[in-house]
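J.: I would like to see how this sequence folds:
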Amino acid sequence: MTLDATLGFDLVTLGDEAAHGQVAVDDRHLQPLGVVHGGVYAALAESLVSHATAKAVLPDGMSAFGMTNETSFFRPVGSGTLHADAQRLHRGRTTWVWDVRISDDDGRLCAASRITVAVRPA
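T.: So this is what the prediction gives:
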């Protein structure tokens with residue numbers, strides 16, 4: 001079973017310029033104090049943009065792998081759904097760079113990630 005399936009990630013839209021994903025928060029995602037573990041935000045962001053990049057480059061015989069992940073946390077969440085919206089900043093031959101904003105059900109910014117995805121031959 002993949003990490004996406006284990007954590008219940010729903011990768012809704014995978015475009016080469018923008019992508020959207022979400023996860024309904026449950027006990028699997030919480031740290032001992034009852035809020036979403038930071039690793040969930042980071043994993044959702046990286047998974048979303050890695051899949052979006054891969055979808056775009058696979059037809060050219062290339063694959064995509066997370067290279068860097070810098071995630072900052074702004075607001076704790078203990079329930080509801082996390083919504084991840086990604087915008088591609090750079091589309092290079094060997095790397096793509098994305099910004100991901102993760103918000104709660106009320107649209108409040110909870111975390112933000114800058115992800116670099118390596119593009120390599122499949």
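J.: can you point out the buried residues in stretch 28-41?
T.: Residues of stretch 28-41 classed as buried: 29-30, 35-36, 40-41 (neighbour count, 16 or more other Cβ atoms under 10 Å). In short, each C-beta sits where N, CA and C put it, glycine included.
J.: same question, stretch 4-19
T.: 4, 7, 9, 11, 14, 19.
J.: just give me the longest helix of the chain.
T.: Ranked by residue count under DSSP state H, the longest helix found in the chain is helix 38-57.
J.: now it: buried residues?
T.: Those would be 40-54, 56-57, for helix 38-57 by 16+ other Cβ under 10 Å.
J.: mind giving me the packing neighbours of whatever helix or strand comes next after that helix?
T.: Later in the chain than helix 38-57, the nearest helix or strand by DSSP states H and E is strand 62-73. The helices and strands touching strand 62-73, judged by 3 or more Cβ pairs under 8 Å, 6 or more residues apart in numbering; DSSP states H and E, are helix 38-57, strand 109-121.
J.: what about strand 62-73, distance to the chain center?
T.: From the chain centre to the centre of strand 62-73 is a distance of 8 Å (Cα atoms, centre = their mean, to the nearest Å).
J.: that one pairs with which strands, and in what direction?
T.: strand 109-121 (antiparallel) (DSSP bridges).
J.: ok, now which ones touch Ala54?
T.: Neighbour list for Ala54: 63-64 [criterion: Cβ atoms under 8 Å, 6 or more residues apart in numbering].
J.: and the residue nearest the centre of the protein?
T.: Ala45 (1.6 Å; Cα atoms, centre = their mean).
J.: thought that residue was touching Arg101?
T.: No. Ala45 is not in contact with Arg101 according to Cβ atoms under 8 Å; the separation is 9.1 Å.
J.: what do those two both touch?
T.: 84, 86, 111.
J.: which pLDDT does the model give Asp10?
T.: We have a pLDDT of 98 for Asp10.
J.: which of the buried residues of stretch 4-19 fall in helices?
T.: Those of the buried residues of stretch 4-19 lying in helices (DSSP H): 4, 7.
J.: make a markdown table from the buried residues of stretch 4-19 and add distance to Met67 to it.
T.: Listed next are the buried residues of stretch 4-19 as a markdown table, based on distance: Cβ to Cβ, whole Å:
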| residue | distance to Met67 |
| --- | --- |
| Asp4 | 18 |
| Leu7 | 21 |
| Phe9 | 20 |
| Leu11 | 19 |
| Leu14 | 18 |
| Ala19 | 17 |
